[in-house]
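> Coordinates for the following, if possible.
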Amino acid sequence: MRARTFLGDPLPWIGACFLFFLLFMPALQPLFARAFPATQPPLYAGDTVLALWLFHAALVAISSLAAIALGLGGGIFASRPAGAEFRPLLQSLATIGQTFPPVAVLALAVPSFGYGAVPTFIALTLYGVLPIFANTLAGLASVPAAAHEAALGMGLTPFQILRQVELPLAAPVILAGIRVSVIVNIGTATIGSTVGAVTLGTPIIEGLVTEKLGYVIEGAIVVGLFAILTDMMFERLDRAMRRFAKRD
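Model (predicted):
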C-alpha cells in the first residue's frame, strides 16, 4: 500500500529530482559537455547549485515573511472599522507595488542601497504584498455574519473574535494569497542577480550574457523544480487546513 502511494504521488518524485539536481549537478557534466560542446566549462563553475539555492531560498523566505507581515497586517487593519477609510489608499499602494516592474524597483533601489541582496529584498517584498493583502480582505469578508454574531453573544472581545473566529475561517483564502506570492517570488528572485545578489539566477544571467545555453538550463531546471515543489507543499498544507476546519 505504501509503495502504491509513493508511486502514485508526484511529490516524492519531484522532491527526489530536486535533490538530485541540487546535490549532484556535477554528475551531469558529461551530458552537458556532449549537448553543448562549445561551452567550456559545460556547467556553471562558480558557486555550487546548493549554495546558490540556499542564498535564493533565504532571500525568498525573508522577503515573503516581510510581504506576509505587510499584507496580512494591512488587510486586517483595512477590514476593521478604524481602518475602513484607509482601505482605498492601502489597496492602491498594494496595487502599485504589484504593477511596478521589479526591474524598475531594482534600478531605483541600487543608488540608495547599493548592489546585492537589499534591493532584491525590497523588490520582492513590494511585489509580494498585493496577493496577500487582497486575499486577507476577501477571506475576512467571507466569514459568515452568524459566526461573528455568535462570538459577540459569547462575550468575546474584538481581538478574540479576530484570533479565534475570523482568522481560522479565513485561513484557506489567506493561504492561497501567500501561496501565489511565494511562488511568484521564487521566479522573480532570479533577476536579483542582475544587481549582484547571489541567487539561482546567477548562472542564468551569466549564460545569457556569455551565450552559454547550458548555464541557463542549469539554473532554470532548479528554479522550476523549486517552484513546483513549493507549490505542491502549499497544496498539502491547504488540504490539511481544510480537513482540520471540517473536523472542528
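> At the geometric centre of the chain, which residue sits there?
Closest residue to the average C-alpha location of the chain: residue 182 at 1.2 Å, with C-alpha atoms, centre = their mean.
> So for that residue, what pLDDT did the model give?
Looking at residue 182, its pLDDT is 96.
> which residue of the protein sits farthest from its center?
Taking C-alpha atoms, centre = their mean, the residue of the chain most remote from its mean C-alpha position is residue 153, at 39.1 Å.
> In contact with it, which residues are there?
Contact analysis of residue 153 by C-beta atoms under 8 Å, 6 or more residues apart in numbering lists nothing. Any C-beta I mention is one placed from the backbone N, CA and C, and that applies to glycine too.
> and what of residue 173?
135, 136, 138, 139, 142.
> The residues you listed in strands, which ones?
Counting by DSSP state E, no part of the contacts of residue 173 is found in strands.
> Check the burial of residue 90 by counting its neighbours.
19 (other C-beta atoms under 10 Å).
> Revised request: answer the last question for residue 138.
So residue 138, with other C-beta under 10 Å, has 16 neighbours.
> all numbers from here: first residue = 27
With the count now opening at 27, the last piece we talked about shows up as residue 164.
> Could you find the closest non-adjacent residue to it?
Leaving aside its sequence neighbours, residue 164 sits nearest to residue 199 (C-beta to C-beta, 6 or more residues apart in numbering; 5.5 Å).
> now do residue 158
Closest to residue 158 by C-beta to C-beta, 6+ apart is residue 97, at 2.8 Å.
> Just the residues contacting stretch 158-167, thanks.
93-94, 96-98, 100-102, 104-105, 113, 116-117, 120, 192-193, 195-200, 202-204, 206-207.
> my bad, stretch 207-220
In contact with stretch 207-220 (C-beta under 8 Å, 6+ apart) are residues 82, 85-86, 89-90, 93-94, 97, 128-129, 132, 143, 145-146, 149-150, 153-155, 157-158, 223, 225-228, 230-231, 245, 249, 252-253, 256-257, 260.
> try 6 Å this time
Around stretch 207-220, the neighbours that count as contacts under C-beta atoms under 6 Å, 6 or more residues apart in numbering are 82, 85-86, 90, 93, 128, 146, 150, 154, 157-158, 225-228, 230-231, 252-253, 257.
> Send me that stretch as CSV with only the CA atoms.
Taking C-alpha atoms only, stretch 207-220 is exported to CSV below (Å, rounded to 0.1, in the frame of the first residue of the first chain):
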residue,chain,number,x,y,z
SER,A,207,3.1,35.5,-3.5
VAL,A,208,5.8,32.9,-2.6
ILE,A,209,5.7,31.1,-5.9
VAL,A,210,5.9,34.3,-7.9
ASN,A,211,8.9,35.5,-5.7
ILE,A,212,10.8,32.2,-6.3
GLY,A,213,10.8,33.0,-10.0
THR,A,214,11.2,36.8,-9.7
ALA,A,215,14.2,36.4,-7.3
THR,A,216,16.4,35.3,-10.2
ILE,A,217,16.5,38.9,-11.5
GLY,A,218,18.3,39.9,-8.3
SER,A,219,21.5,38.5,-9.9
THR,A,220,21.5,41.5,-12.3
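> How far away from the center of its chain is that stretch?
Put simply, stretch 207-220 sits 8 Å off its chain's centre (C-alpha atoms, centre = their mean, to the nearest Å).
> buried residues in that stretch?
Using 16 or more other C-beta atoms under 10 Å as the test for burial, stretch 207-220 gives 207-220.
> and what of stretch 168-186?
Of all the residues in stretch 168-186, those buried under the rule 16+ other C-beta under 10 Å are 169, 177, 182.
> Equivalent analysis for stretch 119-129, please.
So, applying 16+ other C-beta under 10 Å, buried residues of stretch 119-129: 119, 120, 123, 124, 128.
> Right, I'll leave it there.
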